[in-house]
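S.K.: please work out how this folds:
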Amino acid sequence: MADAYRDLIAWRKATDLALEIYRATQKFPKDELYGLTSQMRRAAVSVASNIAEGKGRYSRKEFAQFLYRARGSLLELETQLFIAKELHDLEPLVFRRMEDRTKELGRILNGLINSVLEGINVAS
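M.R.: From the prediction side, this is the model:
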């Protein structure tokens with residue numbers, strides 16, 4: 001049960017994205033360490049962490065709430081990626097690749113949320 005979250009495609013994609021964010025932000029200016037770099041890293045880690053924490057909860061309703069938080073963190077990260085691109089801290093090709101990954105993860109999260117919510121409606 002404890003490792004069930006590791007079987008989720010959403011969690012695997014989220015951890016891959018978090019690792020990519022860490023690698024990309026290593027190249028950011030040092031004066032961004034406590035600004036955009038830190039925010040992007042926290043948002044990326046938050047996506048995967050909320051998926052894992054939600055999966056460990058006792059009800060589908062709680063799981064759905066954590067998936068909503070994960071989706072919120074993902075949207076936060078998308079915004080930060082855009083800002084980093086505009087500040088020229090993130091190369092356009094890297095931005096596009098990460099943007100594609102966040103969009104894909106968003107679709108996966110939406111599907112997972114819908115699946116969890118269907119389970120709630122069926123049980124009601």
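S.K.: what is the lowest-mean-pLDDT helix or strand in the chain packed up against?
M.R.: With mean pLDDT, DSSP states H and E as the measure, the helix or strand of the chain carrying the lowest mean pLDDT is helix 92-123 (a mean of 91). Packed against helix 92-123 by the contact rule (3 or more C-beta pairs under 8 Å, 6 or more residues apart in numbering; DSSP states H and E) you find helix 9-25, helix 60-86. The way it works is simple: take the backbone N, C-alpha and C, and place the C-beta from them, glycine included.
S.K.: make TSV out of the ones you listed and add mean neighbour count.
M.R.: As requested, those are exported to TSV (neighbours: other C-beta atoms under 10 Å):
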stretch	mean neighbour count
helix 9-25	19
helix 60-86	18
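S.K.: could I get these as a markdown table with distance to residue 34 and mean pLDDT?
M.R.: Formatted as a markdown table, those follow (distance: least, C-beta to C-beta, whole Å; pLDDT from 0 to 100):
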| stretch | distance to residue 34 | mean pLDDT |
| --- | --- | --- |
| helix 9-25 | 12 | 97 |
| helix 60-86 | 14 | 96 |
